[in-house]
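take this sequence and fold it.
(one chain, ligands or ions: 1)
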Amino acid sequence: MKSKVKKQDQSYDCDVCIIGAGPAGLACLSALREPYSMDNLTDEQLNRANNSLSLKANKKSNLNICVLDPSPQWMDTWKTQFDQLQIKHLRSPVLGHPDIFDNKALLTYARHHNREDELFESGCAEMKQLHGLGETQTGLWKLPSTKLFVDFCDDMTGRLKHVYLQGRAMDVEDSSSGDSSHVLKWEDASGVMNVLTVKHIIVASGVMGKALVPFGLEKCPNVFSWRSNHAFTNLKATQSIDAGTPPESPRQNIRVLVVGGGLTAVQTALRVIKEHKDDDIDMQCILCSKRTLKEKHFDIPVEWFDRRHQTGLLSGFYHESVEDRLQQLKDIRDGGSVPKMYMKQLKKYEKQMTYWMGQVEYDCQNDLAQEHNEGDDNIKTTIRYQGDYHQFDRIILACGVTPDCASNPFVSNILKKWKLPIHEGFPDITEDLQWKESTNSTKQNRTPSIFVSGAMAGLQVGPDAGNLMGMRRAATTIASALDCRSWLRATTLVNRFEAFGYSSDEESSSSLDENDEDSNFTGKKSFTTESITQSEDNCSTCCSCDSERGDCPVTVPKFVSVQLNGE
Ligand SMILES: Cc1cc2nc3c(=O)[nH]c(=O)nc-3n(C[C@H](O)[C@H](O)[C@H](O)COP(=O)(O)OP(=O)(O)OC[C@H]3O[C@@H](n4cnc5c(N)ncnc54)[C@H](O)[C@@H]3O)c2cc1C
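Down below sits the predicted model:
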């Protein structure tokens, strides 16, 4: 059926449309709304920012921001995947969250609501690599409970001003107005097509790509992704070949194959076992991974989350060629890993769990399931492993995704229209995380202003782009690129020492030392020290003299473009 096109009310015209209401989108909303991020400022700069904030009118941005997602509420995808695997705690520490103002915000929220008992000590603070990092003593490396994290995010969405539109972004067109805006077409829940005039688009639409499926299993009738609602249901149905026969007695022997070698596969296997441990059945779960399970606290090396090392690692990453960055994105994750606490759980259920290492294959020729109706839950599927045949009631895949932004229909449409550059499925973006201009962009057919956040921004954000930590950095970069932090240049990021003839602000430059615990800047982009004329009403340059505007002797460094990141 053809969708109807409805012109929305003017109030839906917006400066920025965030596509995706997950943590990456929420981090962007926070970065666009908050006046600054404490992550990026030294103590001295924070004082200056606070002084300036109290002197001036509200510095919160006046941007008109809307958020678009097919789900009725924020964080639905996150909640669904955590529910599906019954995950009680996040894998990442409490310092990873979408509140850009303060990286201690989630810890503070837990304390303020007397919910510190929901912070789990995973033992990661004992890691040798984290020795000497003060934050490990303050609780910032504990793991928040799923409920605490979701409540915290709900609290954020309630206080950050935005318009939430329930719908799916479908396409973008040039606007006829002649300015830089574009028309975004989106489909609402009832299938009606709407339009929205936007200046900037932020694609925060999660991981895009095709699920990896082991050889031949794509043809197999009884295979489900761990995300599927059917993956865990009806495992207790009777083994009836006639679909019309009602269930009689529980099956005695149920065998489930879970394929994958990372945490998601382990969580899937654990859910299967735990859910049936008290049932009157013999449940066997086989976990098949291409290689031995690797025990690690985090999915990428801990140094990427440690601000003392992050600067150096990022700097190394940025200096690589695109090909080498793509390789690093694969190598650093290294096919998945499993935290110690989950390894312990696997051990606890070792009677019900068998571990296979290698490849499984689906053999159509030898499969009994071929004789039964497709979609019938009560069939056994024959799988070949190391030359032997095995039958399974259910096969659940958790093998990951091959990145491919073109697999998202909205992105695919704009790729076709503007021929935007991509590298092995990742958008080719600038240091500001803006999708590069297309080669066929003309005055009549201008490339829209599109920013990318989340996993798909990996080529510029680094291997943690799809993690909460990387999303924070990405959001701050985008807010800087959209000039939301410009007021800081004149008031906070001032080189006070230049008035005395020094060429650098020692407080700031010392923080570039990656071994310094107070190190904050990534130093990804530098600024020039060219003077600019002060244009504020009061002197906000040095925050310590009574000069009228323009009379303050302190020169202000002019930023070419500022990267305010580095946690
Ligand atoms: C089981 C699991 C556990 C994880 N645990 C952690 C963890 O503990 N710590 C951590 O740092 N990371 C974790 N991750 C990784 C990552 O943080 C999550 O995957 C996170 O949900 C990604 O956030 P996101 O906002 O990029 O994407 P999502 O949460 O997937 O949100 C993207 C949103 O975009 C919407 N969307 C897509 N296309 C369109 C469109 N055309 N129009 C409108 N909306 C659209 C989707 O509906 C979705 O709601 C985990 C991942 C998984 C799968």
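
distance between the host helix or strand of Asn47 and the chain's centre?
According to DSSP states H and E, Asn47 maps onto helix 43-55. Put simply, helix 43-55 sits 30 Å off its chain's centre (C-alpha atoms, centre = their mean, to the nearest Å).

who are the packing partners of it?
Identification of packing neighbours for helix 43-55 by 3 or more C-beta pairs under 8 Å, 6 or more residues apart in numbering; DSSP states H and E yields helix 486-491, helix 506-510. Any C-beta I mention is one placed from the backbone N, CA and C, and that applies to glycine too.

who in the stretch 201-350 of the chain is up against the ligand?
For the stretch 201-350 of the chain, the residues in contact with the ligand (C-beta under 6 Å from any ligand atom) are Ala204, Ser205, Gly206, Thr264.

at 8 Å what do you get?
Residues of the stretch 201-350 of the chain lying near the ligand by C-beta under 8 Å from any ligand atom: Ala204, Ser205, Gly206, Val207, Met208, Leu263, Thr264, Gln267, Asp299.

redo these as CSV? Include pLDDT and neighbour count.
CSV is the format used below for those (pLDDT from 0 to 100; neighbours: other C-beta atoms under 10 Å):
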residue, pLDDT, neighbour count
Ala204, 98, 30
Ser205, 97, 27
Gly206, 96, 17
Val207, 94, 16
Met208, 96, 23
Leu263, 96, 21
Thr264, 97, 22
Gln267, 97, 24
Asp299, 91, 21
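
which helix or strand in this structure has the lowest average pLDDT?
Every helix and strand in the chain was compared by mean pLDDT, DSSP states H and E; the lowest is helix 506-510, with a mean of 37.

who does the residue nearest to Asn222 when sequence neighbours are not counted form a beta bridge with?
Counting by C-beta to C-beta, 6 or more residues apart in numbering, Asn222 lies nearest to Thr381, which is 4.3 Å off, once chain neighbours are set aside. On the basis of DSSP bridges, Thr381 is bridged to Phe392.

identify the residues contacting the closest residue to Arg325 other than its chain neighbours.
The shortest distance from Arg325 to any non-neighbouring residue, by C-beta to C-beta, 6+ apart, is to Leu459 (5.6 Å). Neighbour list for Leu459: Val322, Arg325, Leu326, Leu329, His423, Phe426, Pro427, Asp428, Ile429 [criterion: C-beta atoms under 8 Å, 6 or more residues apart in numbering].

let's go with 10 Å and repeat that
Contacts for Leu459 (C-beta atoms under 10 Å, 6 or more residues apart in numbering) come out as 317, 322, 325-326, 329, 422-424, 426-429, 433, 452, 465.

tell me the confidence at Phe497?
pLDDT, Phe497: 54.

and the one helix or strand Lys185 maps to, how far from the chain's centre?
Element membership for Lys185, per DSSP H and E: strand 182-188. Relative to the mean C-alpha coordinate of its chain, strand 182-188 is positioned 23 Å out (C-alpha atoms, centre = their mean).

packing partners of that strand?
The contact analysis (3 or more C-beta pairs under 10 Å, 6 or more residues apart in numbering; DSSP states H and E) places strand 182-188 against strand 5-7, strand 14-19, strand 65-69, strand 163-174, strand 193-203, helix 409-418.

which parts of the stretch 301-450 of the chain are helices?
Listed in chain order, the helices of the stretch 301-450 of the chain (DSSP state H, counting those that start in this stretch) span 307-318, 322-333, 340-348, 409-418.

show me where pLDDT drops low in the stretch 151-300 of the chain?
By pLDDT under 70, the low-scoring segments of the stretch 151-300 of the chain are 236-252.

what ranges do the strands span in it?
Remark: strands assigned in the stretch 151-300 of the chain by DSSP state E, counting those that start in this stretch are 163-174, 182-188, 193-203, 209-211, 223-225, 253-259, 282-289.

can you redo those strands as JSON lines with distance to Gly134 and mean neighbour count?
Converted to JSON lines, the strands of the stretch 151-300 of the chain look like this (distance: least, C-beta to C-beta, whole Å; neighbours: other C-beta atoms under 10 Å):
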{"stretch": "strand 163-174", "distance to Gly134": "38", "mean neighbour count": "18"}
{"stretch": "strand 182-188", "distance to Gly134": "45", "mean neighbour count": "20"}
{"stretch": "strand 193-203", "distance to Gly134": "34", "mean neighbour count": "23"}
{"stretch": "strand 209-211", "distance to Gly134": "39", "mean neighbour count": "15"}
{"stretch": "strand 223-225", "distance to Gly134": "42", "mean neighbour count": "17"}
{"stretch": "strand 253-259", "distance to Gly134": "40", "mean neighbour count": "23"}
{"stretch": "strand 282-289", "distance to Gly134": "37", "mean neighbour count": "21"}
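
between the ones you listed, which one is closest to Cys14.
Nearest to Cys14, of all those, is strand 193-203, at 5.7 Å by C-beta to C-beta.

got the angle between that closest one and helix 409-418?
With axes from the mean of the first three to the mean of the last three C-alpha atoms, to 10 degrees applied, the angle from strand 193-203 to helix 409-418 works out at 90 degrees.

who does strand 193-203 pair up with?
Sheet pairing of strand 193-203 (DSSP bridges) gives strand 5-7 (parallel), strand 14-19 (parallel), strand 182-188 (antiparallel), strand 449-452 (parallel).

now distance to Lys348 too, for those strands, in TSV please.
Formatted as TSV, the strands paired with strand 193-203 follow (distance: least, C-beta to C-beta, whole Å):
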stretch	distance to Lys348
strand 5-7	55
strand 14-19	42
strand 182-188	46
strand 449-452	41
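
now Arg307: how far from the ligand?
Distance of Arg307 to the ligand, given as C-beta to the nearest ligand atom, to the nearest Å: 16 Å.

quick one, strands of the stretch 401-550 of the chain?
Taking DSSP E, counting those that start in this stretch as the test, the strands found in the stretch 401-550 of the chain are 401-403, 422-423, 426-427, 449-452.

mind putting the helices of the stretch 301-450 of the chain in TSV, mean neighbour count included?
Formatted as TSV, these follow (neighbours: other C-beta atoms under 10 Å):
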stretch	mean neighbour count
helix 307-318	18
helix 322-333	15
helix 340-348	14
helix 409-418	18
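
nearest to Ala169 among those would be which one?
Across these, the minimum distance to Ala169, taken as C-beta to C-beta, is reached by helix 409-418, at 4.4 Å.

now that closest one against strand 163-174, angle please.
What separates the directions of helix 409-418 and strand 163-174 is an angle of 20 degrees, with the same axes, to 10 degrees.

quick one: helix 409-418 to strand 65-69, angle?
Per the same axes, to 10 degrees, the angle that helix 409-418 makes with strand 65-69 is 110 degrees.

neighbouring contacts of helix 409-418?
With contact meaning C-beta under 10 Å, 6+ apart, helix 409-418 is reached by 19, 68, 168-174, 182, 184-187, 201, 203, 205, 208, 404-406, 408, 420-422, 427, 435, 437-441, 445-448, 450, 452, 456.

is that helix anywhere near the ligand?
Yes - contact between helix 409-418 and the ligand is present through Pro409, Phe410, Val411 (criterion: C-beta under 8 Å from any ligand atom).

in CSV: the helices of the stretch 301-450 of the chain, plus mean pLDDT.
Shown next, in CSV, are these (pLDDT from 0 to 100):
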stretch, mean pLDDT
helix 307-318, 89
helix 322-333, 92
helix 340-348, 94
helix 409-418, 93
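
can you put those helices in a markdown table and add distance to Leu119?
Converted to a markdown table, these look like this (distance: least, C-beta to C-beta, whole Å):
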| stretch | distance to Leu119 |
| --- | --- |
| helix 307-318 | 20 |
| helix 322-333 | 26 |
| helix 340-348 | 14 |
| helix 409-418 | 37 |
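
which one, of those, ends up nearest to Phe101?
Phe101 sits nearest to helix 307-318 of all the helices of the stretch 301-450 of the chain, at 16.8 Å, using C-beta to C-beta.

could I have the CA atoms of the closest one written out in PDB?
Output of helix 307-318 as PDB, limited to C-alpha atoms (Å, rounded to 0.1, in the frame of the first residue of the first chain):
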ATOM      1  CA  ARG A 307      41.900   8.200  30.600                       C
ATOM      2  CA  ARG A 308      45.600   7.900  31.300                       C
ATOM      3  CA  HIS A 309      46.200   5.900  28.200                       C
ATOM      4  CA  GLN A 310      43.200   6.700  26.000                       C
ATOM      5  CA  THR A 311      44.800   9.800  24.600                       C
ATOM      6  CA  GLY A 312      47.800   8.000  23.300                       C
ATOM      7  CA  LEU A 313      45.800   5.100  22.000                       C
ATOM      8  CA  LEU A 314      43.400   7.400  20.100                       C
ATOM      9  CA  SER A 315      46.300   9.400  18.700                       C
ATOM     10  CA  GLY A 316      47.900   6.200  17.400                       C
ATOM     11  CA  PHE A 317      44.500   5.200  15.900                       C
ATOM     12  CA  TYR A 318      44.000   8.600  14.100                       C
END
